[in-house]
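# Sequence and predicted structure are below.
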Amino acid sequence: MTTDTTTKDTAPGAPAPGQVVLDARGVTMRFGGLTAVRNVDLTVNSGEIVGLIGPNGAGKTTFFNCLTGLYVPTEGEVRYRDQVLPPKSFKVTAAGIARTFQNIRLFANMTVLENVLVGRHTRTKEGLWSALLRGPGFHRAEAASRERAMELLRFVGLDRKAEHLARNLPYGEQRKLEIARALASEPGLLLLDEPTAGMNPQETRATEELVFAIRDQGIAVLVIEHDMRFIFNLCDRVAVLVQGEKLVEGDSAAVQGDERVIAAYLGEPFEDAPGAAEVAEVEAAEAAAGTESAEATEPAEAAAADAENPTDAAPGKENDR
Ligand SMILES: Nc1ncnc2c1ncn2[C@@H]1O[C@H](COP(=O)(O)OP(=O)(O)OP(=O)(O)O)[C@@H](O)[C@H]1O
């Protein structure tokens, strides 16, 4: 019997762990003649942190854009909690998927608190008349929104900077603010696009803790990141995209040790890769040539060694004296 010793303060309404939250099937995205993403399947379950890695240009961000309504996939289907995603990003956010961007997209001249309040607009029901007339319903909703926004700022550690302008925050804190703003839409799935880009090791470690805390609130997380240590520490499952296709998927240990992944990152062909036979042939020829040249140089090397060590100074003699 196993005992779960973790105490999780799960958000109300969060699905039971293990339920499929995101189900992407056969997602393909073409830009003219370029296929940026080809036939990718990926699921994310509740309670999971899933990593999406791959070399530059592998199609990770394009795939994210297909999950968030920024792009409508050329082929394939994306479902969130069993519903096909609407083809508009604000509707996807309202459905329960929030994201951050590779390049920070904050309202630089608004305060930290105002940035989070903007993120809450999909969850506030007060209409135009209520806002214009500023009746009691509007004030109640506004107070509740501010309270929730402050709670989120406390959660990411920015509550004391609520009134600062976003542009005055250091880089690492701007990334945290982006996460708080994404959380303000009360998502069931959070997509993070390179959340530690430009961070120092301490900030990266703090972000790792923050993502664990988000997961512990019942929010599933899908994260793109180039920092492998971060990904392998954090993720329950990792999928690897290479040239738009999913090459490997598995737990951190399996992916880390997979020679196809290592080869993809080092730019070396993996078994059965196009051109692998030719590369093997060239390598064999080079190895053979190397052996021959080593044999050819042996006598010369021996002569040089002899010159340095006259015959009466045989190995070990120094120590014998
Ligand atoms: N809007 C677009 N129009 C045309 N081509 C695009 C578009 N967006 C991306 N691409 C191309 O699709 C491919 C995948 O790009 P993408 O940005 O998704 O890769 P990535 O894995 O996120 O890369 P990186 O790790 O460098 O951010 C690239 O060849 C890119 O040039």
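Yep, it's here.
# in the stretch 201-321 of the chain, which spans are strands?
If DSSP state E, counting those that start in this stretch is used as the criterion, the strands of the stretch 201-321 of the chain fall at 220-224, 237-242, 245-250.
# Can you pull the residues of the stretch 51-200 of the chain lying near the ligand?
With CB under 6 Å from any ligand atom as the criterion, the stretch 51-200 of the chain comes near the ligand at residues 54, 56-62. Any C-beta I mention is one placed from the backbone N, CA and C, and that applies to glycine too.
# repeat that with 5 Å
56-62 (CB under 5 Å from any ligand atom).
# Could you give me the ChimeraX selection string for whichever of those are buried?
Listed next is the ChimeraX selection for buried residues among these, using 16 or more other CB atoms under 10 Å:
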select :58,59,60,61,62
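# out of the residues of the stretch 51-200 of the chain next to the ligand, who's nearest residue 181?
residue 61 (18.8 Å; CB to CB).
# wait, the closest one sits on residue 103?
No. The pair residue 61 and residue 103 does not pass the contact test of CB atoms under 8 Å, sitting 10.2 Å apart.
# Contacts only, for residue 37.
Contact analysis of residue 37 by CB atoms under 8 Å, 6 or more residues apart in numbering lists 27-29, 59, 62-63, 66, 73, 241, 244.
# Check which helix or strand it maps to.
Residue 37 belongs to strand 34-45 when elements are defined using DSSP states H and E.
# Let me know the angle separating that strand from strand 245-250.
Interaxial angle, strand 34-45 versus strand 245-250 (axes from the mean of the first three to the mean of the last three CA atoms, to 10 degrees): 20 degrees.
# Now strand 34-45: buried residues?
The neighbour-count check on strand 34-45 (16+ other CB under 10 Å) flags 35-38, 40, 42-45 as buried.
# Same list (these) but as CSV, adding pLDDT and distance to residue 157.
Supplementary listing: these in CSV, determined by pLDDT from 0 to 100; distance: CB to CB, whole Å:
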residue, pLDDT, distance to residue 157
35, 94, 41
36, 95, 36
37, 96, 35
38, 95, 40
40, 97, 35
42, 96, 31
43, 96, 32
44, 96, 26
45, 94, 28
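# near the ligand too, which of those residues?
residue 36.
# Taking the buried residues of strand 34-45, tell me the two that lie furthest apart.
Looking at these by CB to CB, the two members farthest from one another are 35 and 45, with 27.9 Å of separation.
# And the helices in the stretch 51-200 of the chain?
For the stretch 51-200 of the chain, applying DSSP state H, counting those that start in this stretch gives helices covering 60-67, 89-95, 112-119, 128-133, 136-156, 171-183.
# looking at these, which one has the lowest mean pLDDT?
Taking the mean pLDDT of each of the helices of the stretch 51-200 of the chain, the lowest value is held by helix 128-133, a mean of 57.
# hmm, back to that, could the strands of the stretch 201-321 of the chain go into TSV alongside distance to residue 210?
Converted to TSV, the strands of the stretch 201-321 of the chain look like this (distance: least, CB to CB, whole Å):
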stretch	distance to residue 210
strand 220-224	10
strand 237-242	19
strand 245-250	25
